[in-house]
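Student: Here is my input; please provide its structure:
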Amino acid sequence: DREIEGENFYLRPSLQPSKKRFETWCPKKDVDSPWLFDIVQELGYVTFFGEEFCYDHSPYVLQGNAFELDVDYDLKELFCRISKGVKEFKKAKRQMLYFVDHDTSKSPDPCIDGRSRQELGFEYIRGIWNAYPDTPKFAYLNSLAAHDYSLDLAYQSLGVEAYDDYLSIFLQEMLGRKDAEDTIIVLRSDHGLQGGPSPIDFSFQVEHMHPFNNLIVPEKNRNLSVEALLSNEKELVTGFDLYKTLRLIIDPRIATEDVNMHDQPVTLKDWSYDLINDKVPSDRTCEDAKIPLEYCPCVEERTDLMPYFYVGHAEKHNKMKTTNLAFPQIDAEKLKQSQRVLTDKREPKVKAAKAAKAAKAAKAAK
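Tutor: The predicted model follows:
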């Protein structure tokens, strides 16, 4: 275990040793799990986790890499079956399931049995809310509608525009239910599109530093301060604040004055805020909020304001100094030599293929 100065944390390795980028700073092992899914399960919630692709062995997700996931309902099984079917149909034997996609910019086919895949997660959540009317529920759905990196800008926005309709219908339905007074909805993005030509557009640069974040809270919620919520609308807030807010909503007992400080979760810090109850200071800085400089949206704290293709690549001039940004000089003779080597390697295979083709033609002639 490694300790951060003044904190009771350790650096936990990835659950899959080959994926070191998922090393995570976690509370010491003698405290309860900080993962929200573990917490709600202990409190008797019905749980749902939704990713709109088969994430088995994927290096791009946290579940299974940074933390174990154990939920009552998971979209993974559905999308893994779809991916296996598509993989067999395309005869893509070596392709990993998390890379299999039936819907691409070159071949747009977003529907499954007449329905978009973006509708399936909403269908699960509706079903769970109907099936467990008297049981607390916790659902997480990650939509891939906006993850279109097509060079064709005319196609790029179609998925998310269609998703707006599905989301609007779903929200209207959920907010019209009798249990809406006991339901809190979080709408949140991670970042704008990365890579390709998109980050050249200023709107994507803004999204890189200002993720979309909205809370829909019943006005009668006992922990809600409308004044604080409206005040925080224009302040610098973070995922740390959202985590603290959700922890206190899920288990409000830890916010009561009679709870001993030693029993407070170590992941609820005094520098984070309950967004529906506390007022975030207007003079809050990225340093105060524990936001790394490369993710900081505050201009006065930044030294590097140029746009980057990927989130988190800013403020790293020392690394850029060692990067060769010039086009390499191509040695024509070496290029010809490498081409000759490739030709020599291919020649036996080409001859064998031609001989097989000629034999097949001769057999057909007979």
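Student: Is Pro348 in a helix, a strand, or coil?
Tutor: Put simply, Pro348 is helix when judged by DSSP: H, G, I helix; E, B strand; the rest coil.
Student: wait, Asp148
Tutor: coil.
Student: repeat for Gly121
Tutor: Assignment for Gly121 (three-state DSSP): helix.
Student: which stretches of this structure have low pLDDT?
Tutor: When residues are selected by pLDDT under 70, those of the chain lie in 1-9, 17-21, 27-32, 102-110, 255-267, 317-347, 349-350, 366.
Student: Alpha carbons of the host helix or strand of Gln118, as PDB, please.
Tutor: Taking DSSP states H and E as the criterion, Gln118 maps to helix 117-131. Extracted in PDB, the C-alpha atoms of helix 117-131 (Å, rounded to 0.1, in the frame of the first residue of the first chain):
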ATOM      1  CA  ARG A 117     -30.200   0.000 -29.700                       C
ATOM      2  CA  GLN A 118     -30.600   3.300 -27.800                       C
ATOM      3  CA  GLU A 119     -34.100   2.300 -26.900                       C
ATOM      4  CA  LEU A 120     -33.200  -1.000 -25.200                       C
ATOM      5  CA  GLY A 121     -31.600   0.600 -22.100                       C
ATOM      6  CA  PHE A 122     -34.700   2.700 -21.600                       C
ATOM      7  CA  GLU A 123     -36.900  -0.400 -22.000                       C
ATOM      8  CA  TYR A 124     -35.000  -2.200 -19.300                       C
ATOM      9  CA  ILE A 125     -35.300   0.700 -16.800                       C
ATOM     10  CA  ARG A 126     -39.000   1.100 -17.500                       C
ATOM     11  CA  GLY A 127     -39.400  -2.600 -16.800                       C
ATOM     12  CA  ILE A 128     -37.400  -2.500 -13.500                       C
ATOM     13  CA  TRP A 129     -39.400   0.500 -12.300                       C
ATOM     14  CA  ASN A 130     -42.600  -1.300 -13.000                       C
ATOM     15  CA  ALA A 131     -41.500  -4.600 -11.500                       C
END
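Student: by contact count, what packs against that helix?
Tutor: Applying 3 or more Cβ pairs under 8 Å, 6 or more residues apart in numbering; DSSP states H and E, one finds that helix 117-131 makes contact with strand 46-51, helix 76-90, strand 137-142, helix 158-175. The C-beta positions use only the backbone N, C-alpha and C, and glycine is treated the same way.
Student: How far away from the center of its chain is the last one?
Tutor: Read that as helix 158-175. 19 Å (Cα atoms, centre = their mean, to the nearest Å).
Student: Next, the buried residues of it.
Tutor: Leu158, Gly159, Val160, Tyr163, Tyr166, Leu167, Phe170, Met174 (16 or more other Cβ atoms under 10 Å).
Student: Does Val71 touch Val46 like I think?
Tutor: No - with contact defined as Cβ atoms under 8 Å, Val71 does not count as touching Val46 (9.0 Å).
Student: Can you tell me the SS state at Leu215?
Tutor: Criterion first, three-state DSSP; result for Leu215: strand.
Student: For it, which non-adjacent residue is spatially closest?
Tutor: Closest residue in space to Leu215, ignoring its immediate chain neighbours: Val186 at 5.8 Å, by Cβ to Cβ, 6 or more residues apart in numbering.
Student: Tally up the residues packed near the one you found, please.
Tutor: By other Cβ atoms under 10 Å, 13 other residues sit near Val186.
Student: for Lys244, same thing?
Tutor: Lys244 - counted by other Cβ under 10 Å - has 24 other residues nearby.
Student: cool, Ser58 as well?
Tutor: 17.
Student: On the three-state scheme, it is what?
Tutor: coil.
Student: wait, what's in contact with the closest residue to it other than its chain neighbours?
Tutor: Spatial nearest neighbour of Ser58, excluding adjacent residues (Cβ to Cβ, 6+ apart): Tyr98 at 3.9 Å. Tyr98 makes contacts with Phe53, Cys54, Tyr55, Asp56, His57, Ser58, Tyr60, Ser83, as judged by Cβ atoms under 8 Å, 6 or more residues apart in numbering.
Student: if I look at the first one, how far off is Phe67?
Tutor: Taking Cβ to Cβ, to the nearest Å as the measure, Phe53 and Phe67 are separated by 19 Å.
Student: Name the residue in those two with the higher neighbour count.
Tutor: Using other Cβ under 10 Å as the criterion, Phe53 and Phe67 rank with Phe53 on top: 23 against 18.
Student: That one against Met96, yeah?
Tutor: No - using Cβ under 8 Å, Phe53 is not in contact with Met96; the gap is 11.0 Å.
Student: ok, Leu246 - how many residues close by?
Tutor: Neighbours around Leu246, by other Cβ under 10 Å: 19.
Student: which residue packs closest to it, ignoring adjacent ones?
Tutor: Leu36 (6.3 Å).
Student: Repeat that for Asn223.
Tutor: Using Cβ to Cβ, 6+ apart, the closest residue to Asn223 is Asn277 (5.6 Å).
Student: May I have the residues that are in contact with the one you found?
Tutor: Asn277 neighbours (Cβ under 8 Å, 6+ apart): Asn223, Leu224, Ser225, Ala228, Leu248.
Student: switch the cut-off to 10 Å
Tutor: The contact partners of Asn277, taken as Cβ atoms under 10 Å, 6 or more residues apart in numbering, are Asn221, Asn223, Leu224, Ser225, Ala228, Leu229, Asn232, Lys244, Thr245, Leu248, Ile249, Ala255.
Student: State the pair within those residues that is farthest apart.
Tutor: Farthest pair in the contacts of Asn277 (Cβ to Cβ) is Asn232 and Ala255. Separation: 16.9 Å.
Student: ok, the two, which is more surrounded?
Tutor: Asn232 (22 against 16).
Student: I'd assumed Asp278 was in contact with the more buried one.
Tutor: Yes - here Asn232 reaches Asp278: they are 8.0 Å apart, a contact under Cβ atoms under 10 Å.
Student: With that, I have no additional questions.
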